[in-house]
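*Asks:* got a predicted structure plus its sequence, pasted below:
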2 protein chains.
Amino acid sequence: MEGEHTKGNSDGVENKERKEVVPKPVRPCHLLLRFLAFALTLAAAIVIAVNKQTKVVPIQLVDSLPPLNVPLTAKWHQMSAILYFLVTNATACTYAGISLLLGLVKRGKCKGLWTLITVLDAFMVALLFSGNGAAAAVGVLGYKGNSHVNWNKVCNVFGRFCDQMAASIAISLIGSLAFLLLLLLPVLKLHPTV
Amino acid sequence: MEGEHTKGNSDGVENKERKEVVPKPVRPCHLLLRFLAFALTLAAAIVIAVNKQTKVVPIQLVDSLPPLNVPLTAKWHQMSAILYFLVTNATACTYAGISLLLGLVKRGKCKGLWTLITVLDAFMVALLFSGNGAAAAVGVLGYKGNSHVNWNKVCNVFGRFCDQMAASIAISLIGSLAFLLLLLLPVLKLHPTV
């Protein structure tokens, strides 16, 4: 009886221990955040991918002749920073979709897999914020120009393109914050020491 | 005797439990990473802050007159993206310094404080990567220019300035990775489920 009691007690402590050592944050919250991250990065990628504006711009080739009206088109692939922004959002969206499916299929199983997912979440935060920074830097140049290097602003001509790009950056930024929260939720729950 | 034995055993289990519930990652590793993050963001901020190059550039004002030699100076405050990059690195450096001091003074105490520090580490990752992205986007434009928006490259004139800026971005990127690792170490150690 004593042996059984001791065993039972020990098992009880072990169960409690296991329960506390392997913490289980509120899963619906995680899944919701992951879905938000997926939806927002997808929306940001679509908004920038379909962004296109054509304007007829008068260009003075020779002083003695009247200006020539040339149709010019602004698209995402013309600027490497916007291309990078699109690639980061598409990557993060694909990853969020896959990890969301894994979250629904393998809830709580395969601890190693979820550790890998946490590491990848962190890399997505880095990737997305660098993409947002790059696109925002080019956006500011497009809106304001820079007289020191003689780069003229272009958003006075391609206003709709710039506004749509700004909206895409804002959406992507909220998606990035969702990834950041995903990363912070288990850390906040576990209160790790440094 | 039996009571003492049971108590001793229970204490032993409790100690083991406490040890695993409040995880203590290898502190020297954390402190070293935090010092690296501090040193690298400080170095990046200094390298970009002292970055300055003056070149005499011939500028053609009127076609009938010979070009005028004008001394032009490139500095960090002339471009908002580089200013943002400097501010993010200075902020991260100051924060890393303060948290490093706290790490040396209050090792393992004040769990709430360390939770706050983990949250701030995550924000530093976001801040630094957005700064790196912004500076890199402007750097690529400086090196290559962009014919679609008629922004000419400037690194053929201010080569040393651009190279020093590229070095600063590389240093900051390693500093950002140190912050990312700081954030990941406790997560990796605890294997949280999602």
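*Replies:* Nice, thanks for sending it over.

*Asks:* show the subsequent helix or strand relative to the longest helix along chain A.
*Replies:* Longest helix in chain A by number of residues (criterion: DSSP state H): helix A:111-144. Once helix A:111-144 ends, the next helix or strand along the chain (criterion: DSSP states H and E) is helix A:159-190.

*Asks:* now for that following helix, which elements pack on it?
*Replies:* helix A:27-49, strand A:52-59, helix A:80-105, helix A:111-144, helix B:111-144, helix B:159-190 (3 or more C-beta pairs under 8 Å, 6 or more residues apart in numbering or on different chains; DSSP states H and E). Every residue, glycine included, has its C-beta placed from N, CA and C.

*Asks:* make JSON lines from these and add mean pLDDT, mean neighbour count and distance to A:Phe158 to it.
*Replies:* Converted to JSON lines, these look like this (pLDDT from 0 to 100; neighbours: other C-beta atoms under 10 Å in any protein chain shown; distance: least, C-beta to C-beta, whole Å):
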{"stretch": "helix A:27-49", "mean pLDDT": "93", "mean neighbour count": "20", "distance to A:Phe158": "14"}
{"stretch": "strand A:52-59", "mean pLDDT": "87", "mean neighbour count": "12", "distance to A:Phe158": "5"}
{"stretch": "helix A:80-105", "mean pLDDT": "94", "mean neighbour count": "20", "distance to A:Phe158": "12"}
{"stretch": "helix A:111-144", "mean pLDDT": "93", "mean neighbour count": "22", "distance to A:Phe158": "8"}
{"stretch": "helix B:111-144", "mean pLDDT": "93", "mean neighbour count": "22", "distance to A:Phe158": "17"}
{"stretch": "helix B:159-190", "mean pLDDT": "90", "mean neighbour count": "21", "distance to A:Phe158": "27"}
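
*Asks:* can you say which of these is nearest to B:Val70?
*Replies:* Distance to B:Val70, taken as C-beta to C-beta, is lowest for helix B:159-190 among these, at 16.7 Å.

*Asks:* chain center to the closest one: distance?
*Replies:* A distance of 5 Å separates the centroid of the chain from that of helix B:159-190, by C-alpha atoms, centre = their mean, to the nearest Å.

*Asks:* and the angle for it with helix B:27-49?
*Replies:* Counting by axes from the mean of the first three to the mean of the last three C-alpha atoms, to 10 degrees, helix B:159-190 points 160 degrees away from the direction of helix B:27-49.

*Asks:* okay, angle between helix B:159-190 and helix B:111-144 too, please.
*Replies:* 150 degrees.

*Asks:* B:Cys93 is nearest to which of the helices and strands packed on helix A:159-190?
*Replies:* Ranking these by proximity to B:Cys93 (C-beta to C-beta) places helix B:159-190 first, at 8.2 Å.

*Asks:* now the closest one against helix B:80-105, angle please.
*Replies:* Using the same axes, to 10 degrees: helix B:159-190 against helix B:80-105 is 40 degrees.

*Asks:* who touches the residue nearest to A:Trp151 when sequence neighbours are not counted in this structure?
*Replies:* Excluding the flanking residues, the one nearest A:Trp151 by C-beta to C-beta, 6 or more residues apart in numbering or on different chains is B:Trp151, at 4.2 Å. Residues in contact with B:Trp151 (C-beta atoms under 8 Å, 6 or more residues apart in numbering or on different chains) are A:141, A:149, A:151-152, B:141, B:145.

*Asks:* likewise A:Lys153?
*Replies:* Per C-beta under 8 Å, 6+ apart, neighbours of A:Lys153: A:141-145.

*Asks:* kindly recompute the last result at 7 Å.
*Replies:* A:142-145 (C-beta atoms under 7 Å, 6 or more residues apart in numbering or on different chains).

*Asks:* need phi/psi at it.
*Replies:* Torsion angles at A:Lys153 (phi, psi; degrees, to the nearest 10) stand at phi -70, psi 150.

*Asks:* need the pLDDT of it.
*Replies:* A:Lys153 carries a pLDDT value of 93.

*Asks:* could you report the distance from it to A:Lys144?
*Replies:* As judged by C-beta to C-beta, to the nearest Å, A:Lys153 and A:Lys144 stand 6 Å apart.

*Asks:* same thing with A:Met165?
*Replies:* Separation of A:Met165 from A:Lys144 (C-beta to C-beta): 14 Å.

*Asks:* how far out from the middle of the chain is the helix or strand harbouring A:Val70?
*Replies:* For A:Val70, the element it lies in under DSSP H and E is strand A:68-75. Its chain's C-alpha centre lies 32 Å from the corresponding centre of strand A:68-75 when counted by C-alpha atoms, centre = their mean.

*Asks:* who's in contact with that strand?
*Replies:* Applying C-beta under 7 Å, 6+ apart, the contact partners of strand A:68-75 are A:52-59, A:61, A:158, A:161.

*Asks:* rerun that using 8 Å as the cut-off
*Replies:* A:51-61, A:154, A:157-158, A:161, B:148.

*Asks:* contacts with chain B among the contacts of A:Lys153, please.
*Replies:* Contacts with chain B are made by A:142, A:144 out of the contacts of A:Lys153, judged by C-beta under 8 Å from any C-beta of the partner chain.
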